[in-house]
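>>> Just need the structure, nothing else, for what follows:
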Amino acid sequence: MKEHPQVLLEDAYEVIAGPSGHLLDALHDGPEGVPVIGPQNLANDHSVDTRNVRRLPDDKARKLARFAVRPGDLLIVRQGALGRLAIVGQAQESWLFGASCLRLRAYDSRVHPHFLAWYLSSPSAQNRLQQMASAGTIPAFNVATLKEMEVPVPPMEHQRTIITVLRAAQAQAKLHREAARRLDELCPSLFVELLAGTRH
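Numbering: from 1, shown residues only. Predicted coordinates:
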């Protein structure tokens, strides 16, 4: 396997924890207020799933402006379902992130956010995250622990190639999942038609 230079995560990304839970006591499921991204909103394809997003009243959200997100930020679960992550898109600009997540924001151009997301999703990185977690009823890791993680830094052109290839594979996987879902939905009605002899 080709070796690449490495960098500590803290040398390329700002890492901060989400607000304390008591600051989010006013979270609700209604349509008004500022959305707050939690672990349940981090999808397997590294996107933010906006379904079932909870919200914070505007007056409470204004006091938490430092926990706002912007496009390109990475959010990673630090408590419970460790290692799940997503990249913030344009549609989520100025939303907030919750207590069980960490926000990673690039201040160094050496590591592309999408490359970092794929690296942190890799089996070796996921194993390291699990090893970093503190023992307890609910496993967790903190900001300092994640900052000390080493990240490979291939040339940017190589990073972009990796991103392009994996995005294409991801798109194909999504199409296959959708096709499988449609077949599953078709089977009950197909059974009825076969039983009745209206389809051969």
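>>> neighbours of Arg105, just the number please.
Arg105 has 15 neighbouring residues, counting by other C-beta atoms under 10 Å. (C-beta placed from N, C-alpha, C; glycine too.)
>>> Hmm, I typed the wrong one, I wanted Val165.
Val165 - counted by other C-beta under 10 Å - has 11 other residues nearby.
>>> Sticking with it, tell me its helix or strand.
helix 156-196 (DSSP states H and E).
>>> what mean pLDDT would you report for that helix?
For helix 156-196, mean pLDDT rounds to 87.
>>> and what of stretch 24-42?
Average pLDDT, stretch 24-42: 93.
>>> so where do the helices sit in this protein?
Here the chain has its helices, by DSSP state H, at 58-62, 113-121, 123-132, 143-147, 156-196.
>>> which one of the ones you listed is the most hemmed in?
Mean neighbour count (mean count of other C-beta atoms under 10 Å) peaks for helix 113-121 among the helices of the chain, with a mean of 20.
>>> Need the contact partners of that helix.
For helix 113-121, contacts defined as C-beta atoms under 8 Å, 6 or more residues apart in numbering pick out 13, 46, 72-74, 76, 83, 85-87, 104, 106, 125-126, 129, 151-152, 154, 159, 162-163, 166-167.
>>> do that again at 7 Å, thanks
Applying C-beta atoms under 7 Å, 6 or more residues apart in numbering, the contact partners of helix 113-121 are 46, 72, 74, 76, 85, 87, 106, 125, 151-152, 159, 162-163, 166.
>>> now do stretch 52-72
Applying C-beta under 7 Å, 6+ apart, the contact partners of stretch 52-72 are 18-19, 23-24, 26-30, 32-38, 40-41, 87-90, 92-97, 103, 106, 113.
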